[in-house]
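K.L.:
Fold the following.
(chains A, B and C)
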Amino acid sequence: MGKFGFTISKGRQIDYDSNDRSIAAYIFEREPSFRLCIECGGCSATCTTGNLTKFSLRELNILIKRGENDQVRESIGKCMLCGKCTLVCPRGVNTRNIVSLAKKAFQLTDGYAI
Amino acid sequence: MNIEGKKAIWKDYQKEIADDKYYYVRSCVRQNFFPGSETAFLKIMREELKKDVYEHPCHTSCSGIGYHSDIVPVETTMTIVARQFAIMTEAGYENLLPSCITSFGLYTEILDTWHHFPEIEEKIRVQLKKATGREFNKPKNLAHASDVIYKFRKEIAAKAKFKLINKNTGEPLKVVDHIGCHYAKMFPSKGVGGAEYPFVLTGMIEEWGGQIIDYPERRHCCGFGFRQYLVQANRGFSIACSKEKFESMKPYKPDMIITNCPGCPMFLDRWQYVINEMEGKRYGQNGEGIPVFTYEEVAGLVLGYNPWDLGLQMHQTDCEPVLDKIGIEYSPEDKYNTKINVEYSKNHNLINV
Amino acid sequence: MSKHVVVIGGGVAGLEAAGRLSKVGFEVSLLEKEDKTGGHLNNWYKLFPDRRSSSEVNEYLDRISINGQVKLLTNTTIEKFSRNKTNLTILTNNGEELVADAVIVATGFDLFKSSRKEEYGYGIYDNVITSAELEEMFWKNNIALVNGKEPEKIGIVHCVGSRDEKVGNLYCSKLCCVTAVKQAIEIREYLPESKVFCFYMDMRMGGAYYEELYREAQEKWGVSFIRGKVSEAGESFDNKLVIKVEDTLAGRPLKMELDMLVLMAGMEMSEGGKKIAALGGLNTGENKFFAAADHHFGSNVSNVEGVFYAGTCTAPMNITETISHARAAVSEVMEYLKDDRK
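P.N.:
Now for the predicted structure:
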């Protein structure tokens, strides 16, 4: 805070062009159904974790695609891989595999497991 | 970029600006922020353009600063504004000329509110009468002081001693225009050129020899926003707004910024110093900051007024780089001297010196 | 003597109506303000959802529907339009007076003028184009920026002039979403290295095989769909377009640089239609299109006896619906003229 009593706020804007979207690219290549999500939220509604914690698989989908990876790292570990989300998806997205692939991609990038 | 497209839009946003007999209302904060600007405006209007500009010592703040900080209820603000109208009416004037953008926006907003809800106007009339015994007519014409300078930009150009041209290269100075949010964003039809591509400052700069820069964050707020700045803990948001603009304009290598609002030049000027202190970043050329001016200061410079009479010594991002480029002579030793031979305390927190 | 029906407008609705009317034995005059028929169809390269060539539909309308049996008056506009006791009189700009037993108005739509959405900088920033201009590029087989280069990142803005109180159009133009999807696919086909982003408020894929096309765009062509209305476009130092949008599903504002921005201009009541409404005393609705007598079972019927509507002069419609609507108008005319009502 120094002598001014405040610091320069960090923006909330998603800077699409400078974000690192390599995690998304990794998933797209291995699970093409990732593209089919229409963000209906069926997965999040049925998700046990989502009903008890601040975890939304729908939001996670978007954040991975936009390259907001820090936020994804923070919450992806909450998924219990139960597969209920895959059961309800109207677009046939293999949501469970997306979580697995994302974790794998982070492990490859970061050098350690989430 | 296709300038014809902009011209087509500018044609749609031509407002009526009275050409004489103005009732001038000052800004609360400008006399502290940029103390030479209003004086320069009156000098230009009265001595250069020979216009009748009337001022009354009893006019007050429009209370917009309180309204926009959630301190003054809107009805109180309306009654205060009604009193300004009453003083104007009593003096026999009909053309209201506010110095402040937020006042201009507020007057516009109130007149529009009364237009749609005449019962509110009636109520305010009663309140003003009860409180002060005064009655008022609504202004026939409402123009911001920058509208009027825009209107007479050609007359000013005709009297100009300097042009906004780099004397060493012969190139026009690259100028960023920054329009106060309350100028046209609320009522696009009340601003010269509208809200998306305002022409009011562009018109002046082009007429006086400069070249306007259109950069991606041109429409972004300077960050003042009243609520943001007034609470210290919120200032990180305010400065981030200015920073976003500086980052966006930097690649164009602007020589200067011109503004038409009380808050914007203050923040665009002072935040450059704070960003420099916090992060060691400057946004002008050769490691300098980008000098920020009010439109009256720019008009005054073009007309050959002494920079220190215009109050340029009060800027935190020093203006000398621009003066040197234009070729305006100034005396560095007089910078902090007053006309009554008392030396101002020197500002030590400067960039560009 | 066979009865005379005048059809105003030589687009899809007018051609289909005129052709059908002549087939059932009416004497038909078809008025068209341009020098040739086909209307907006002439500007569209391929059609959704099956991406057949628009010229196939044009050919059907010309050859099979019209088949030379209709008196065609091109470069013709209307100066006077009045209802008399027994018939309708039309005075054209060429000084010709037509007396009709019935009139079908098929004046279609105009594309929304995108410069009215000032924040997108159409007409100001290079490489902000409309959906119609992109079709022109498809015709020329050349999708290029102003500097002649191929665009790499293309954004498509849905709802330009539709669902927008600011421009006075509260309604959905209905076809822009599927047009965006179709054009996104075509761009990706033509420029396999490109990236395409659709910025939508809602994906309104309410037509046969539209949703399937949307799915194909995602799955096969990797088109990205970002839910949010683009609020402004600017131009960056290196001449790229910079857009601001909220990624509403992430709940965050988003900034992106693009090479080209395509505006999905909506449909509005045509200027020609407005003129005829004024001349003939025809009612228009809040959406400014012609107001039909009944929304459910009188969508071809006007408030003036003997005047009927066909196609998009009453509301946004796709080609399938327009052709059906035109046929329905013909059936209304047949019903109206079946007794010797004159």
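
K.L.:
pretty sure B:Ile257 belongs to a strand, no?
P.N.:
Yes - when the secondary structure is assigned by DSSP: H, G, I helix; E, B strand; the rest coil, B:Ile257 falls within a strand.

K.L.:
where's C:Leu263 relative to B:Leu268, distance?
P.N.:
According to CB to CB, to the nearest Å, C:Leu263 stands 33 Å off from B:Leu268. (C-beta placed from N, C-alpha, C; glycine too.)

K.L.:
Please apply the same query to B:Arg134.
P.N.:
38 Å.

K.L.:
higher neighbour count, these two?
P.N.:
The neighbour comparison of B:Arg134 against B:Leu268 (other CB atoms under 10 Å in any protein chain shown) goes to B:Leu268, with 27 against 15.

K.L.:
Look up the closest residue to C:Lys220, ignoring the ones flanking it.
P.N.:
C:Ile185 (8.0 Å; CB to CB, 6 or more residues apart in numbering or on different chains).

K.L.:
Quick check: buried residues in the helix or strand hosting that neighbour?
P.N.:
If you go by DSSP states H and E, C:Ile185 is part of helix C:176-190. By neighbour count with 16 or more other CB atoms under 10 Å in any protein chain shown, helix C:176-190 contains the buried residues C:176-188.

K.L.:
Need these in CSV (columns: pLDDT).
P.N.:
Listed next are those as CSV, based on pLDDT from 0 to 100:
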residue, pLDDT
C:Cys176, 97
C:Cys177, 97
C:Val178, 98
C:Thr179, 98
C:Ala180, 98
C:Val181, 98
C:Lys182, 98
C:Gln183, 98
C:Ala184, 98
C:Ile185, 98
C:Glu186, 98
C:Ile187, 98
C:Arg188, 98
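
K.L.:
Let me have these in TSV, extended by distance to B:Glu207.
P.N.:
Putting the buried residues of helix C:176-190 into TSV (distance: CB to CB, whole Å) gives the following:
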residue	distance to B:Glu207
C:Cys176	42
C:Cys177	46
C:Val178	49
C:Thr179	44
C:Ala180	43
C:Val181	48
C:Lys182	48
C:Gln183	43
C:Ala184	45
C:Ile185	49
C:Glu186	47
C:Ile187	43
C:Arg188	48
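
K.L.:
distance between the top helix by length along chain A and the chain's centre?
P.N.:
Within chain A, and with DSSP state H defining each element, the longest helix by residue count is helix A:95-110. Averaged C-alpha coordinates place helix A:95-110 at 10 Å from its chain's average position (CA atoms, centre = their mean, to the nearest Å).

K.L.:
Same check on stretch C:22-29?
P.N.:
26 Å.

K.L.:
same check, this time on stretch B:46-65
P.N.:
Relative to where its chain is centred, stretch B:46-65 has its mean C-alpha point 15 Å off (CA atoms, centre = their mean).

K.L.:
Stretch B:102-115 now?
P.N.:
Here the centre of stretch B:102-115 is set off from its chain's centre by 18 Å, with CA atoms, centre = their mean.

K.L.:
SS state for the residue nearest the centre of chain A?
P.N.:
Geometric centre of chain A, nearest residue: A:Leu60, 2.8 Å, by CA atoms, centre = their mean. Look at A:Leu60: counting by three-state DSSP, its state is helix.

K.L.:
What is the lengthiest helix in chain C packed up against?
P.N.:
As far as residue count goes, and with DSSP H defining each element, the longest helix of chain C is helix C:319-337. Helices and strands touching helix C:319-337, by 3 or more CB pairs under 8 Å, 6 or more residues apart in numbering or on different chains; DSSP states H and E, are helix C:12-23, strand C:102-105, strand C:307-309.

K.L.:
Now do the shortest one: everything it contacts.
P.N.:
Read it as strand C:307-309. Contacts made with strand C:307-309 from outside it, assessed by CB atoms under 8 Å, 6 or more residues apart in numbering or on different chains, are listed as C:83, C:88, C:102-106, C:280, C:282, C:290, C:292, C:299-302, C:329, C:332-333, C:336.

K.L.:
Now do the same contact list for the nearest residue to C:Lys3 once chain neighbours are set aside.
P.N.:
Here the nearest residue to C:Lys3 in space, its sequence neighbours aside, is C:Asp101; by CB to CB, 6+ apart that works out to 4.2 Å. With CB under 8 Å, 6+ apart as the criterion, the residues that contact C:Asp101 are C:Lys3, C:His4, C:Val5, C:Asn87, C:Leu88, C:Gly306, C:Leu337, C:Lys342.

K.L.:
tell me how far the ends of stretch C:215-231 are from each other?
P.N.:
End-to-end distance for stretch C:215-231, by CA to CA, to the nearest Å: 26 Å.

K.L.:
no wait, stretch B:89-108
P.N.:
17 Å.

K.L.:
Tell me how far the residue nearest in space to the middle of chain B lies from B:Tyr23.
P.N.:
Closest residue to the average C-alpha location of chain B: B:Asn260 at 2.3 Å, with CA atoms, centre = their mean. Separation of B:Asn260 from B:Tyr23 (CB to CB) stands at 19 Å.

K.L.:
ok, which stretches of chain A are helices?
P.N.:
A:22-30, A:42-46, A:48-52, A:57-66, A:69-76, A:84-88, A:95-110.

K.L.:
Also chain C?
P.N.:
For chain C, helices defined by DSSP H occupy the ranges C:12-23, C:54-59, C:131-139, C:176-190, C:210-219, C:271-280, C:319-337.

K.L.:
could these go into a markdown table alongside distance to C:Gly38?
P.N.:
As requested, the helices of chain C are exported to a markdown table (distance: least, CB to CB, whole Å):
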| stretch | distance to C:Gly38 |
| --- | --- |
| helix C:12-23 | 8 |
| helix C:54-59 | 5 |
| helix C:131-139 | 13 |
| helix C:176-190 | 18 |
| helix C:210-219 | 24 |
| helix C:271-280 | 15 |
| helix C:319-337 | 12 |
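
K.L.:
for those helices, which one ends up most surrounded?
P.N.:
With neighbours defined by mean count of other CB atoms under 10 Å in any protein chain shown, none of those is more surrounded on average than helix C:12-23, at a mean of 28.

K.L.:
For that helix, the averaged confidence score.
P.N.:
The average of the pLDDT scores along helix C:12-23 is 96.

K.L.:
Does A:Gly50 touch A:Gly42 like I think?
P.N.:
No - at 11.1 Å, A:Gly50 and A:Gly42 do not qualify as touching, with contact defined as CB atoms under 8 Å.

K.L.:
Flag the shaky bits of the stretch 201-350 of chain B, pLDDT-wise.
P.N.:
In the predicted model, the stretch 201-350 of chain B carries pLDDT under 70 at residues B:343-349.

K.L.:
The same query, at a cut-off of 80, please.
P.N.:
Across the stretch 201-350 of chain B, the ranges flagged by pLDDT under 80 are B:227-228, B:338-350.
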